[in-house]
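A.B. asks: Predicted structure and sequence below. I'll ask about it afterward.
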There are 2 protein chains.
Amino acid sequence: MASRPSQQASLEWLSREYHDLNGSHIDVLENPPTALEFARIVHISRPVLIRGFKIPASTSKWSNDYLINKMGSLPVSVAVTPNGRADAVTPGLDGKLFFAEPAVETMTMKFLLDNLSDDDAHAETFYLQSQNGNVYSSRFFQGQDDPSEFAPLRQDIPSDVKWCTEALDRAPEAVNLWIGNGKSVSSIHSDPFENIYHVVRGTKYFTLLPPMDGFWLDERLYPHATYVRNGKGGDLTLQPSSDTPSVRWASISDHLSRRLPQEAHPIHLSVGVGETLYLPPGWFHEVRQAECGITIALNWWYDTCMQGHSWVLLSYLRAIKDVPLGNAEDDSDETMY
Amino acid sequence: MASRPSQQASLEWLSREYHDLNGSHIDVLENPPTALEFARIVHISRPVLIRGFKIPASTSKWSNDYLINKMGSLPVSVAVTPNGRADAVTPGLDGKLFFAEPAVETMTMKFLLDNLSDDDAHAETFYLQSQNGNVYSSRFFQGQDDPSEFAPLRQDIPSDVKWCTEALDRAPEAVNLWIGNGKSVSSIHSDPFENIYHVVRGTKYFTLLPPMDGFWLDERLYPHATYVRNGKGGDLTLQPSSDTPSVRWASISDHLSRRLPQEAHPIHLSVGVGETLYLPPGWFHEVRQAECGITIALNWWYDTCMQGHSWVLLSYLRAIKDVPLGNAEDDSDETMY
C-alpha cells in the first residue's frame, strides 16, 4: 500500500483512540496470576508488573561467586560493541547509518562478570544477550537434544512459567538469560512474542509504547552491518554485510525520550529484583539497566496466537505504511519494502 | 474521516488478511469449555459451536402445553410486522426506505404459540424478540428488583452461563427468550456483546461475517419508523418517527447471500436443538429459523472488554468510513455521520 496522508490519519486515529480507551496505566499484581487470570490479561494485551513469582534463580542465590563456580571454564557467548548499542542504528566509518549487530565473542563467566564490574568508561561493552533460547530452545520442548551454554544453571531456571503455559496452552519458544550493566541499552523495538521477563538482580528500566504508537517511531530501512575484531586484541569496526537484507528499525531510537512526538504515549516502568514484567506481542520497548552493578534477567518467549484480531491488527499497523530508506536525503519516492 | 479510495484499500487489506489467517472454519466442541478454555476462545474472538450445554429449558420439557400452562394468562410482549422483517430496512408507503421497528403487542403465550403454529401465509408475523433482558436484565445482577414477563419460566433458565461468567469475570448484561417461526428473519447486523446463544427447540440458521467483512455490507443511514396499528383490528402501517435518530444498517441485507460481493467470506451455520453458539462481539449475523414449526432460543449477552486491541479495531472498522444516506439518489457527497 502506498503511504498517503489519509493513512497517516488512520494511524493517528488508532493511536488516539487506543490511548483514550486504555490510558497509560500499568496494573501491578502482588502475586502471580492464575492461568485463567493470565488468559484474561493476554486478551487485554497490556503490560502487567507481577510480584511474587519465585524461582530458584534469585538475587540471594546468584552471587558472582556462585555463577562463576557453577559455570567454571565453560565458554559463554557475549555481545561486544564499542558503545553498548548492539542491534541498533549506528553510523559506520563513512557516516552512513547501519543496523549494527554486535561482535559475538566467547569468554568465561568470570571474565564476563569481571568486565561488567569494571567501570572503565573507555572499555568495550559486554552484554550477554544471545536471545536464541540460550537456556532452553524450542528443541527442548520438542523433546530433542538441546545443548545450552548455561546447562549448569538450568537447575535454577524453570523451563516454563506454569500459569503462562496453561493460559496459552503451549510451551515456550525460547528461554533466555541476560547479563549486562548500565553501559548497554536495547534500542526500541518490538517482538512478535508473548514475553515473561523476570529480573534476578539489578533493575531494568523499560520505556514502553503500545503497538498503536509504533508509527511515531518513524521506522526506516537500514543496511545491515556487524562489528568485526581486527585481529586478536584489535579494535572493533563496523563491517557492512553483503548478503543480509536491510533491517526495519526506529529512526528515532537514539535519545528516544527527547525525540518522541507529544502525541505518543510512552510508559516508563522499572522492573526490580524479583519482579516480572508481562510484555505483550507488538509492544515497543527500550530497555536500560541500572547504572551501578550488574543486572541479570531471564525471559520466557511464547509464540503469539495468530488467530483472531490481534495479529491482523499488528500486521496492519506494520503493513499500512511504506518504510523509507534510512540513509536517503529525500527518500519519499524510494521504498524497498 | 473522509472516505477515500486508500481507506477502502485498507479495509480490503484487513478483510483479506483476516481471511488468509483465519479461514472460514468454525470449531465444534462436543462439550462445554472450561472457563480457561473459553477465555482462550474469547481471545481468538471467532464463533464456536458448543454441544452438551444442558439447561432445564429443553425441547423435551418445553412443549407448547408446558409453556401455556406455566405462563397462563400473563401478557407477553411480541413484535408484530406484516412481513416478518422487524428491525430491518423496509420501504414505506411512498417507496422511501426506513429502518422499521415492529409494533409491540401483548398477548398470552397460548395466543402467540397458536399464531406461530398456524401456516396462514397472509397472516401478520409474530416474533417474541423483545431482547431487553426479557428473562433477566442487568437489574437482576445488581441485586435489584427485576420484573420479567417470563418470571414463571425463570426456574428453567439459568441466570448466567458459569464458564462464560468465570472466563469474563462479569455477570451477564441481559438474558433473553426468543420464540418465532420461519416467517421471521433477523436482518444482518452486529452487536457489541459477547453472545451465548442456545437453541431450545427448532433450528436457527446463521449467516455470519467477521467484523473485518462488515464494510462489504455497504452500511447506510436510514430514517427510523415504527409499525403502528390503525385501530383495534386494523392494518399495520409504517409511521416515520419524528424524534429518533437515523439508523446505520446494511443496505444489502435483503437477499443478502445473492448481494454479498465475492470478496466477502460468509459462514453458514445451523444451530440445532440443544446446541449453543458463541458469537463474539462485532460479528455480523443474519438469523433465520426452521421453515416448519416453532423455534425457541435463549441468549446470554455479556458486556465486551473495552480494554486492549479488539474494541479499538472494531471501532476503527466502523469509524473509518463515512456512512452515506440510504435514500439519496447520489449520496456520495452527502454524509451525516
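C.D. replies: Happy to help now that I have it.
A.B. asks: What segments of the stretch 1-150 of chain A are helices?
C.D. replies: For the stretch 1-150 of chain A, helices defined by DSSP state H, counting those that start in this stretch occupy the ranges A:5-22, A:35-44, A:64-71, A:109-117, A:138-141.
A.B. asks: shaky segments in chain A?
C.D. replies: By pLDDT under 70, the weakly predicted segments of chain A are A:1-6, A:121, A:320-321, A:329-337.
A.B. asks: I'd like to know which residues of the stretch 151-300 of chain A are adjacent to chain B.
C.D. replies: Neighbours of chain B within the stretch 151-300 of chain A, by C-beta under 8 Å from any C-beta of the partner chain: A:166-169, A:211-212. For glycine as for every other residue, the C-beta is placed from the backbone atoms N, C-alpha and C.
A.B. asks: Now a PyMOL select for only the buried ones of those.
C.D. replies: In PyMOL, the members of these classed as buried (16 or more other C-beta atoms under 10 Å in any protein chain shown) are selected with the following command:
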select buried, chain A and resi 166+167+168+211+212
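A.B. asks: Now tabulate the residues of the stretch 151-300 of chain A next to chain B in JSON lines and tack on distance to residue B:252 and secondary structure.
C.D. replies: Putting those into JSON lines (distance: C-beta to C-beta, whole Å; DSSP: H, G, I helix; E, B strand; the rest coil) gives the following:
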{"residue": "A:166", "distance to residue B:252": "44", "secondary structure": "helix"}
{"residue": "A:167", "distance to residue B:252": "40", "secondary structure": "helix"}
{"residue": "A:168", "distance to residue B:252": "39", "secondary structure": "helix"}
{"residue": "A:169", "distance to residue B:252": "39", "secondary structure": "coil"}
{"residue": "A:211", "distance to residue B:252": "33", "secondary structure": "helix"}
{"residue": "A:212", "distance to residue B:252": "31", "secondary structure": "helix"}
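A.B. asks: for chain B, what are the nearby residues on the stretch 1-150 of chain A?
C.D. replies: Counting by C-beta under 8 Å from any C-beta, the residues of the stretch 1-150 of chain A near chain B are A:1-2, A:4, A:6-7, A:9-10, A:13-14, A:17-18, A:21-22, A:35-36, A:39-40, A:42-46.
A.B. asks: repeat that for 10 Å
C.D. replies: A:1-7, A:9-10, A:13-23, A:25, A:34-46 (C-beta under 10 Å from any C-beta of the partner chain).
A.B. asks: show me what contacts the residue of the stretch 151-300 of chain A found nearest chain B?
C.D. replies: Distance from chain B to each residue of the stretch 151-300 of chain A (C-beta to the nearest C-beta) is smallest for residue A:169, at 6.4 Å. Listed by C-beta atoms under 10 Å, 6 or more residues apart in numbering or on different chains, the contact partners of residue A:169 are A:35, A:39, A:305, B:36-37, B:40.
A.B. asks: Now the buried members of these.
C.D. replies: A:35, A:39, A:305, B:36-37, B:40.
A.B. asks: Distance to residue A:287 added to these, as JSON lines?
C.D. replies: Shown next, in JSON lines, are those (distance: C-beta to C-beta, whole Å):
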{"residue": "A:35", "distance to residue A:287": "27"}
{"residue": "A:39", "distance to residue A:287": "26"}
{"residue": "A:305", "distance to residue A:287": "25"}
{"residue": "B:36", "distance to residue A:287": "31"}
{"residue": "B:37", "distance to residue A:287": "34"}
{"residue": "B:40", "distance to residue A:287": "29"}
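A.B. asks: ok, these vs residue A:107, which is closest?
C.D. replies: residue A:305 (38.7 Å; C-beta to C-beta).
A.B. asks: Would you confirm that that closest one contacts residue A:312?
C.D. replies: No. Using C-beta atoms under 10 Å, residue A:305 is not in contact with residue A:312, being 11.3 Å away.
A.B. asks: To what extent is the closest residue to residue A:310 other than its chain neighbours buried, counted in neighbours?
C.D. replies: In space, and not counting its chain neighbours, residue A:310 is closest to residue B:309: 5.0 Å by C-beta to C-beta, 6 or more residues apart in numbering or on different chains. Residues within reach of residue B:309, counting by other C-beta atoms under 10 Å in any protein chain shown, total 28.
A.B. asks: Next: residue A:33.
C.D. replies: Counted by other C-beta under 10 Å, the residues lying close to residue A:33 total 19.
A.B. asks: separation between it and chain B?
C.D. replies: Distance of residue A:33 to chain B, computed by C-beta to the nearest C-beta, to the nearest Å: 12 Å.
A.B. asks: what about residue A:17, neighbour count?
C.D. replies: For residue A:17, using other C-beta under 10 Å, the count is 17.
A.B. asks: List the residues that contact it.
C.D. replies: Here residue A:17 is in contact with A:212, B:311-313, B:315-316, B:319 (C-beta under 10 Å, 6+ apart).
A.B. asks: swap in residue A:193?
C.D. replies: The neighbours of residue A:193, taking C-beta under 10 Å, 6+ apart as the test, are A:172-174, A:279-282, A:299-304.
A.B. asks: what do you get for residue A:225?
C.D. replies: A:90, A:92, A:96-101, A:237-241, A:244, A:247.
A.B. asks: wouldn't residue A:185 be in contact with residue A:285 here?
C.D. replies: No. Checked against C-beta under 10 Å, the pair residue A:185 and residue A:285 is beyond contact range at 11.4 Å.
A.B. asks: Tell me which helix or strand the residue most central in space within chain A sits in.
C.D. replies: The residue lying closest to the centre of chain A (C-alpha atoms, centre = their mean) is residue A:186, at 6.2 Å. Taking DSSP states H and E as the definition, one finds residue A:186 inside strand A:185-189.
A.B. asks: which helices and strands sit right next to that strand?
C.D. replies: Here strand A:185-189 touches strand A:88-91, strand A:125-127, strand A:204-209, strand A:247-250, helix A:256-259, strand A:284-289, going by 3 or more C-beta pairs under 10 Å, 6 or more residues apart in numbering or on different chains; DSSP states H and E.
A.B. asks: who does it pair up with?
C.D. replies: Paired strands of strand A:185-189, with direction, are strand A:284-289 (antiparallel) (DSSP bridges).
A.B. asks: ok and the partner strand relative to helix A:109-117, angle-wise?
C.D. replies: Between strand A:284-289 and helix A:109-117, the angle comes out at 90 degrees (axes from the mean of the first three to the mean of the last three C-alpha atoms, to 10 degrees).
A.B. asks: Dump strand A:284-289 to CSV, restricted to CA.
C.D. replies: Output of strand A:284-289 as CSV, limited to C-alpha atoms (Å, rounded to 0.1, in the frame of the first residue of the first chain):
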residue,chain,number,x,y,z
PHE,A,284,7.7,-1.5,21.6
HIS,A,285,10.3,-1.4,24.3
GLU,A,286,13.6,0.3,25.0
VAL,A,287,15.5,-1.4,27.9
ARG,A,288,18.1,0.2,30.0
GLN,A,289,19.8,-1.2,33.1
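A.B. asks: Contacts only, for whichever residue of the stretch 201-337 of chain A sits closest to chain B.
C.D. replies: Closest contact between the stretch 201-337 of chain A and chain B, by C-beta to the nearest C-beta, is at residue A:308 (4.1 Å). By C-beta under 10 Å, 6+ apart, the residues touching residue A:308 are A:43, B:18, B:21-22, B:40-46, B:210, B:280, B:309-310.
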